[in-house]
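Enquirer: Everything below, folded, please.
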Amino acid sequence: MRIGILQCGQSPAQLKQALGDYPDMFVRLLDGRGFDFRTWHVEEMEFPDHVTDADGWLLTGSRHGAYEDHAFIPPLEDFIRRAHDAGVPMVGICFGHQIIAQALGGTVVKHPGGWAVGTQDYDFGGEPVRLNAWHQDQVVALPPGAAVAGRNAFCENAALIYGDRAFTVQAHPEFDDAFVQGLMDTRAKGVVPDDLLQAASARMGEAKGSAQLADRIEAFFKQPRALARHGAQGAA
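Expert: Residues are numbered from 1 along each chain as shown. The predicted structure follows:
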């Protein structure tokens, strides 16, 4: 099964050589599950020709806000809507979670409650999952057709499911502890409050739920679904 990675941001230059870029992290997360991958760097305006150029799409994180004025965001939202209408499944992580919601009619804001950094505890329909997080923005109003699949007290819409068309997660199952520590060292100073960084350091090593999320992502992509909807084979 071909998964197209839509790269919406980049790993910090100081971390990229040792720990990889965002597509590398997703390839590692989903290794051995029967997928092959191709990446389009949409942040740099590299887009697929058609929504059917892959069997499913995976939208990465980004340091950008979905609501910000960047050249790649309008065409990415258009691509999301066309893929959704064509029934090509999408998985979105962090920014990917947010931009899918926004493109389909939801609302994303800079959360007044501040940041979630490091290990966070989530409830996925009664299943406890601990994942690394790194975000201030949140989805605060759901688009039509979305339902909450995961939450916690800080982030009510921590994971969303759109039938068989999209599954999105605010946290980062692809981030290991070394990468979170690297972000704390390179991107957090003067941005994330010190008490949150101290709390994240104290819980370093507790985020063990990546395999649980990889299982969910695999099951979502591989679930039986109808053939192309709305003329997907000809969708541009």
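
Enquirer: pLDDT wise, what is the residue nearest the centre of the chain at?
Expert: What sits nearest the mean C-alpha location of the chain, by Cα atoms, centre = their mean, is Ile93, with 0.6 Å. In the predicted model, Ile93 carries a pLDDT score of 98.

Enquirer: tell me the contacts of it?
Expert: Neighbouring residues of Ile93 by Cβ atoms under 8 Å, 6 or more residues apart in numbering: 26, 58-61, 168-169, 171-174. Any C-beta I mention is one placed from the backbone N, CA and C, and that applies to glycine too.

Enquirer: Distance check, it against Ser11.
Expert: Using Cβ to Cβ, to the nearest Å, one obtains 14 Å as the distance from Ile93 to Ser11.

Enquirer: pLDDT below threshold where in the chain?
Expert: Counting by pLDDT under 70, the chain contains low-confidence residues at 227-236.

Enquirer: Now with 90, please.
Expert: Within the chain, the stretches falling below the threshold (pLDDT under 90) are 186-190, 225-236.

Enquirer: all helices for it, in order.
Expert: Using DSSP state H, the helices of the chain run over 13-19, 22-29, 73-86, 95-103, 177-186, 194-202, 210-222.

Enquirer: Identify whichever of these lies nearest to Glu44.
Expert: Put simply, out of those the one that sits nearest Glu44 is helix 73-86, at 11.8 Å, with distance taken as Cβ to Cβ.

Enquirer: Quick check: end-to-end length of stretch 36-46?
Expert: Using Cα to Cα, to the nearest Å, the gap from the first to the last residue of stretch 36-46 comes to 19 Å.

Enquirer: how about it: buried residues?
Expert: 37, 39-43 (16 or more other Cβ atoms under 10 Å).

Enquirer: tell me how far that stretch is from the chain's mean position?
Expert: The chain centre lies 14 Å from the centre of stretch 36-46; the measure is Cα atoms, centre = their mean, to the nearest Å.

Enquirer: which outside residues touch stretch 212-228?
Expert: Counting by Cβ under 8 Å, 6+ apart, stretch 212-228 makes contact with 1, 3, 29-30, 33-35, 52, 55-56, 58, 86-87, 89, 91, 124, 127, 129, 131, 164, 167, 169, 171, 173, 235, all of which sit outside it.
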